[in-house]
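Enquirer: missing the sequence, but the structure's below:
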């Protein structure tokens, strides 16, 4: 327990400079991008010079970048993520409206890909180089080579447009007024295709890692010892699989950030109003406070997931980090 | 233990029952379902007040809530139909315009609509704040309201009534004085949740998901609206709109939300109609903007060579798949008031273009190149981007090496209209029924930096400036038309920019939607008579 607390403490302290770099880097990148929030606004509205300079003044864009960044940091120190220019609302409110949808999408896709990927990895890795292993490898390679947006488009044409088994897009039936279980089922129906599109590609990845780790472990001494002692195949596979699971857990942390990126694309394909689409809108609108807020919260999320993965790792394999220094 | 054990069959049966129950509930809902129209929306404007922001993106939603004085019409006098105004007339000296307003109209919050609202909207919003109203109403001095249904506009300088009349549909949305008179107009919450007199009331906006408009039970036209609800479903991806209408998740996609490439396929599907009318008063023009600060482009021969190098028919056929018309000049053909075909022309002629460039002294080097320039296509439409690819090839044919620079909307706005960091740009300006609204700004000299869709190429032609200024105060309609026809000739002769094609949009709707496209601004009109057959 002590080890876990020490780990958490170290990670929280370590996260502060990481977050500072993330915030400064994002701000700098947006400053370097040509055009500001007023440019993005007048594209859709038109306007004359007086209106344009009035807006720039009203939105504080007439101040220097350093002054705006300073102001942002001061607010951030007070726990205020700022005001979204394009939504005219507090950044935190806008993000909190969208975040649960993305977490649900990512969480379901991760669960699907991890569960199915490790299971198929075990099936393939139980008998390396067998026909079953080779066929699964080919399927996984094909899936992994597929861009998730393409898979999403194909699935939506087949299952939503042609067969009409699932809704085409959105997070739930709009303005349906449904609540409770009915609403829950509605969300499940809406998320089915995006989760599968996002999850299948990562499933292939988990499966390949699992299979490779198992193939590796088959050659270890303890497996030979088990065989020599006359253990049944199924029992040996269980031992091999348990040991092969560790790299998968590591990948779970790494994939959190990648999947957040993947969900941007999938949310766009399936018109899911989540954090991914919000990011797109924030960039297009040059809404600096909103984008900074999204990046900051995403960074916190990725750091938290990695911390959880490390804790899980410690729990799964007590040898790791027992001296307290390596993690 | 026995109680909670479940076999696979039981599970499947349970799932099946749940599904059937789900369908049954949905069917039960369908019987008392509201008459609801679900429409695709590709953007969510930050400000929905059409009195402040006259743009099609804003009108698309807000025109059902907030009404103008008059609307465009196929058969009305001067192409107009009454809305909040019943009649309108201008004085001979151009110093006043009188509007007789509709009586018995109420705002969505129950307060009566009166001439005071028109006076407030005109003086406090259209003239000082509205992007296009600042041009048309710049000399508006006051609005008198002798009674509740009369508004008399007084101008400090003669203002052509023809211009005021042409501006009625797009520029005269009336908002309630009692909502806006206190506090900062730009920050008023009603800008995001408008209150109007229209057939629909603002319901709710769920960002990223939908806008919901609900029936106004007290609409002045007693048998309207025919719908209970309009839902604008936010679908930023155009391919998604095509699929959504095919899957019957939406019933209507306006403004060519369905990509042109999908139209042929989708038009063959039972139950789906492709409608090509209803946008005549919203013609978009595809133009090549020119930076006249660049030495080569300041040479008329070079501009003419570029005009000759563009095969407009090819552009119509391949980029617009036939849904466009080759342009002749800065006024589109479908404008029956001002258009003239009596202008110089630049037929597609590569040999002539090459000869002109040789004459101008820009001979090909050993690599066959004459000079290089930066070409910035506006990113707003697929077609503007595709035309960028085409223009690059067309220019290569005549030895001009064009480097394509692709930006997103904000970066394009800054590069072209603020920094003038371009040589050629491709823009899609809108023609709004009168050259004084949004067309003359493309050539008028002295436009300050940063103004979008304006003359940011640094073109200066005092003759054209003079013509624009004269037309702005010419009261006689025929004389004003003659001036604008002269304007067209001069623009096409001197090519401050090059008109390529003009296009209107396509609406795709389910057959169940009735009264689609029955006026020339249908997509941005009030849809009071639109219905859905269930």
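Expert: Sure thing, it's come through. Predicted model only: the values in this text are computed from it and were never measured. Residues are numbered from 1 along each chain as shown, chains lettered A, B, ... in the order given.
Enquirer: From here on, just use CA atoms for contacts and neighbour counts.
Expert: OK.
Enquirer: tell me the mean pLDDT for whatever helix or strand residue B:212 lives in?
Expert: Counting by DSSP states H and E, the element that carries residue B:212 is strand B:210-215. When the per-residue pLDDT values of strand B:210-215 are averaged, the result is 96.
Enquirer: Can you list the strands that it pairs with?
Expert: Strands adjacent to strand B:210-215 in the sheet, as given by DSSP bridges, are strand B:200-206 (antiparallel), strand B:229-234 (antiparallel).
Enquirer: helix, strand or coil for residue B:364?
Expert: Secondary structure of residue B:364, reduced to three states by DSSP: H, G, I helix; E, B strand; the rest coil: coil.
Enquirer: so can I have a markdown table of the strands paired with strand B:210-215 showing mean pLDDT, distance to residue B:411 and mean neighbour count?
Expert: Putting the strands paired with strand B:210-215 into a markdown table (pLDDT from 0 to 100; distance: least, C-alpha to C-alpha, whole Å; neighbours: other C-alpha atoms under 10 Å in any protein chain shown) gives the following:
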| stretch | mean pLDDT | distance to residue B:411 | mean neighbour count |
| --- | --- | --- | --- |
| strand B:200-206 | 96 | 28 | 21 |
| strand B:229-234 | 95 | 24 | 24 |
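Enquirer: Make TSV out of those strands and add distance to residue A:7.
Expert: Putting the strands paired with strand B:210-215 into TSV (distance: least, C-alpha to C-alpha, whole Å) gives the following:
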stretch	distance to residue A:7
strand B:200-206	41
strand B:229-234	44
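Enquirer: among these, which is nearest residue B:374?
Expert: For the strands paired with strand B:210-215, the distance to residue B:374 is smallest for strand B:229-234, at 34.6 Å, taking C-alpha to C-alpha.
Enquirer: now that closest one, how far from the centre of its chain.
Expert: 19 Å (C-alpha atoms, centre = their mean, to the nearest Å).
Enquirer: List of residues touching that strand?
Expert: Applying C-alpha atoms under 8 Å, 6 or more residues apart in numbering or on different chains, the contact partners of strand B:229-234 are A:174, A:271, B:34-44, B:61, B:200, B:208-215, B:250.
Enquirer: Any quick ChimeraX command for the buried ones out of these?
Expert: Remark: buried members of the contacts of strand B:229-234, expressed as a ChimeraX selection using 16 or more other C-alpha atoms under 10 Å in any protein chain shown:
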select /A:174,271 /B:36,37,38,39,40,41,42,44,61,200,208,209,210,211,212,213,214,215,250
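Enquirer: Find the residue closest to the residue in the stretch 1-150 of chain B positioned nearest to chain A in space, skipping its chain neighbours.
Expert: Here the residue of the stretch 1-150 of chain B nearest chain A is residue B:131; by C-alpha to the nearest C-alpha that distance is 4.5 Å. Using C-alpha to C-alpha, 6 or more residues apart in numbering or on different chains and skipping the chain neighbours, the partner closest in space to residue B:131 is residue A:47 (4.5 Å).
Enquirer: And that neighbour, how far from residue B:425?
Expert: According to C-alpha to C-alpha, to the nearest Å, residue A:47 stands 19 Å off from residue B:425.
Enquirer: which SS class is residue 104?
Expert: Using chain A here. Of the three states, residue A:104 takes helix under three-state DSSP.
Enquirer: burial count for residue A:281?
Expert: The number of residues packed near residue A:281 is 16, by other C-alpha atoms under 10 Å in any protein chain shown.
Enquirer: For residue B:409, see how far away it is.
Expert: Taking C-alpha to C-alpha, one finds residue A:281 at 12 Å from residue B:409.
Enquirer: same question, residue B:363
Expert: Between residue B:363 and residue B:409 the distance, using C-alpha to C-alpha, works out to 35 Å.
Enquirer: Can you pull up the most central residue in the chain?
Expert: Since no chain was named, I'll use chain A. To find the centre residue of chain A, average its C-alpha atoms and take the closest one (C-alpha atoms, centre = their mean): that gives residue A:260, at 2.6 Å.
Enquirer: my bad, chain B
Expert: When chain B is reduced to its mean C-alpha position, the nearest residue by C-alpha atoms, centre = their mean turns out to be residue B:56, at 3.9 Å.
Enquirer: need the contact list for that residue.
Expert: Applying C-alpha under 8 Å, 6+ apart as the definition, the contact partners of residue B:56 turn out to be residue B:524.
Enquirer: Quick check: chain neighbours aside, which residue is closest to the residue nearest to the centre of chain A?
Expert: Among residues not flanking residue A:260 along the chain, residue A:106 sits closest, at 7.1 Å (C-alpha to C-alpha, 6+ apart).
Enquirer: Output the below-cut-off pLDDT ranges for the stretch 101-250 of chain A.
Expert: Residue ranges of the stretch 101-250 of chain A with pLDDT under 70: none are present.
Enquirer: Residue numbers of it in contact with chain B?
Expert: The stretch 101-250 of chain A comes close to chain B at residues A:157, A:160, A:161, A:162, A:164, A:167, A:168, A:169, A:170, A:174, A:175, as judged by C-alpha under 8 Å from any C-alpha of the partner chain.
Enquirer: Wait, the fourth one touches residue B:247, no?
Expert: Yes: counting by C-alpha atoms under 8 Å, residue B:247 is a contact partner of residue A:162 at 7.5 Å.
Enquirer: Would you mind naming what in chain B lies close to chain A?
Expert: Taking C-alpha under 8 Å from any C-alpha, the part of chain B that reaches chain A is made up of B:45-46, B:53-55, B:57, B:129-132, B:207-210, B:212, B:233-237, B:240, B:243-244, B:246-247, B:249, B:408-415, B:448-453.
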